[in-house]
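[1] show me the folded form of this:
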Amino acid sequence: MSLSELAADAVPADVEPTGRQIQGRSPFRLALSRLLHDKMAVISVIVLFLIVLFAVLAPLFASITHHPYGAQYPDTARDSWGLPKGPSGDFWLGADPLGRDVLVRAAYGARISLGVGIAATILSTILGVIIGVLAGFVGGLVDTVLARFMDVVLSFPYLLVAIVIATTFKPHSTWLSVLITIGVIAFFSFAAMARIVRGQVISLKEKEFIEAARSLGASRMRIMFVDIVPNLVAPVTVLGSLLVPTAIVFEATLSFLGVGIQPPMPSWGSMLNDADYRSSLWLLFVPGGLLLLTTLAFNLLGDGIRDAFDPRSERLITRK
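    Below is the predicted model:
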């Protein structure tokens with residue numbers, strides 16, 4: 001091809017190409033795109049949405065059935081053998097041994113179990129991030145004291161200690177028992193978050209952009225909460241999504257043992273405790289199935305979020 005032909009085919013510098021341009025995408029958009037292509041994660045989100053909708057519609061179920069969650073119907077809730085009724089026109093998911101509507105109690109129990117699990121996870125995440133950032137960035141004596149404190153918390157037989165605390169401060173108010181349960185779960189959950197955050201901060205503070213911030217005269221507080229904390233969003237989000245089902249199971253365990261949410265407020269754990277499995281296995285399937293479905297959905301969603309933020313994940317590569 002001659003020089004004249006090349007000159008004729010050349011595009012002037014001031015003319016924009018008409019073809020498709022490449023647009024940059026942020027790490028969050030890339031992670032969201034990978035997450036939307038994960039079928040199990042999408043199914044988990046749909047399941048969790050339905051469970052949340054079930055919890056939101058709890059007053060509607062109580063209004064339709066005319067059965068408040070604490071009301072007892074010992075006469076109409078038993079069959080001819082004197083056993084709790086199974087699913088029927090009056091009690092859509094049956095009745096428990098005290099004659100209370102299982103559907104209504106399960107819906108209100110979803111509110112408590114989800115609310116306690118999410119609130120405890122948020123509180124433990126905030127505490128874990130603050131303590132982990134301080135321990136990892138400051139170092140020295142502060143790191144030693146906080147790291148040993150995390151080790152002590154993680155070494156506790158948390159269930160026994162939680163039972164002792166909940167029993168010692170056993171409140172007469174139902175909502176106060178909810179707050180105490182959230183506090184107990186958050187206290188025994190933050191150490192796992194703080195340890196991971198501490199390790200991430202120790203690695204990040206040696207990076208070049210932190211050295212650049214120091215050379216520009218940035219203060220410690222600015223470096224910690226403006227430069228380092230935004231880079232912890234991915235690991236904190238992944239671990240937080242995996243802490244929610246742990247907190248829900250923790251609350252259910254405490255309520256099952258009678259030291260968690262106090263009656264008449266229902267939770268899935270207290271419903272399992274109230275169920276008389278010798279007379280009706282159905283009473284175990286409803287709260288137990290909801291608890292299993294919720295924790296499984298959160299765990300699968302957490303796996304999907306982890307793979308979305310880590311493109312080198314073996315499961316993501318295998319799927320592709």
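
[2] all helices of the stretch 51-200 of the chain, in order?
    For the stretch 51-200 of the chain, applying DSSP state H, counting those that start in this stretch gives helices covering 58-65, 102-138, 140-155, 158-168, 174-187, 190-204.

[3] list the helices and strands the shortest one packs on?
    The contact analysis (3 or more CB pairs under 8 Å, 6 or more residues apart in numbering; DSSP states H and E) places helix 58-65 against helix 102-138. The C-beta positions use only the backbone N, C-alpha and C, and glycine is treated the same way.

[4] buried stuff in the helix it packs on?
    Of all the residues in helix 102-138, those buried under the rule 16 or more other CB atoms under 10 Å are 102-125, 127-137.

[5] number of nearby residues for Gly269?
    27 (other CB atoms under 10 Å).

[6] just read off the phi/psi values of it.
    With angles defined as degrees, to the nearest 10, Gly269 sits at phi -70, psi -40.

[7] least confident of the helices of the stretch 51-200 of the chain, on average?
    Note on the helices of the stretch 51-200 of the chain: helix 158-168 shows the lowest mean pLDDT, a mean of 77.

[8] that one: which residues count as buried?
    Within helix 158-168, the residues that count as buried by 16+ other CB under 10 Å are 158, 162-163, 165-166.

[9] now distance to Gly304 too, for these, in a markdown table please.
    Listed next are the buried residues of helix 158-168 as a markdown table, based on distance: CB to CB, whole Å:
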| residue | distance to Gly304 |
| --- | --- |
| Tyr158 | 28 |
| Ala162 | 30 |
| Ile163 | 34 |
| Ile165 | 34 |
| Ala166 | 34 |
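
[10] what is the nearest of these to Met150?
    Using CB to CB, Tyr158 is the member of these that lies nearest Met150, at 13.1 Å.

[11] neighbours of the nearest residue to that closest one once chain neighbours are set aside, how many?
    The spatially closest residue to Tyr158, leaving aside those adjacent along the chain, is Phe188, at 4.2 Å (CB to CB, 6 or more residues apart in numbering). For Phe188, the count of nearby residues is 22 (other CB under 10 Å).

[12] give me the phi and psi for Phe188.
    Here is the backbone geometry of Phe188 (degrees, to the nearest 10): phi -90, psi 0.

[13] residues in contact with it?
    Residues in contact with Phe188, defined by CB atoms under 8 Å, 6 or more residues apart in numbering, are 153, 156, 158, 161-162, 250.

[14] which one of the buried residues of helix 158-168 is nearest Ser215?
    Proximity of those to Ser215 was ranked by CB to CB; the top entry is Tyr158 with 43.9 Å.

[15] how many other residues sit next to the nearest residue to Thr294 once chain neighbours are set aside?
    Leaving out its chain neighbours, the residue that sits closest to Thr294 by CB to CB, 6+ apart is Ile51, at 5.7 Å. By other CB under 10 Å, 18 other residues sit near Ile51.

[16] now do the one 3 residues further on
    The local packing of Phe54 (other CB under 10 Å) involves 17 other residues.

[17] can you check the one 3 residues further on too?
    Other residues near Leu57 come to 14 when the count uses other CB under 10 Å.

[18] name the nearest of the buried residues of helix 158-168 relative to Asp310.
    Tyr158 (28.7 Å).

[19] measure that closest one to Thr246 for me?
    According to CB to CB, to the nearest Å, Tyr158 and Thr246 sit 11 Å apart.

[20] what about Ile305, distance to Val236?
    The spacing between Ile305 and Val236, counted by CB to CB, is 11 Å.

[21] and if you look at Ile228?
    Applying CB to CB, the value for Ile228 to Val236 is 12 Å.
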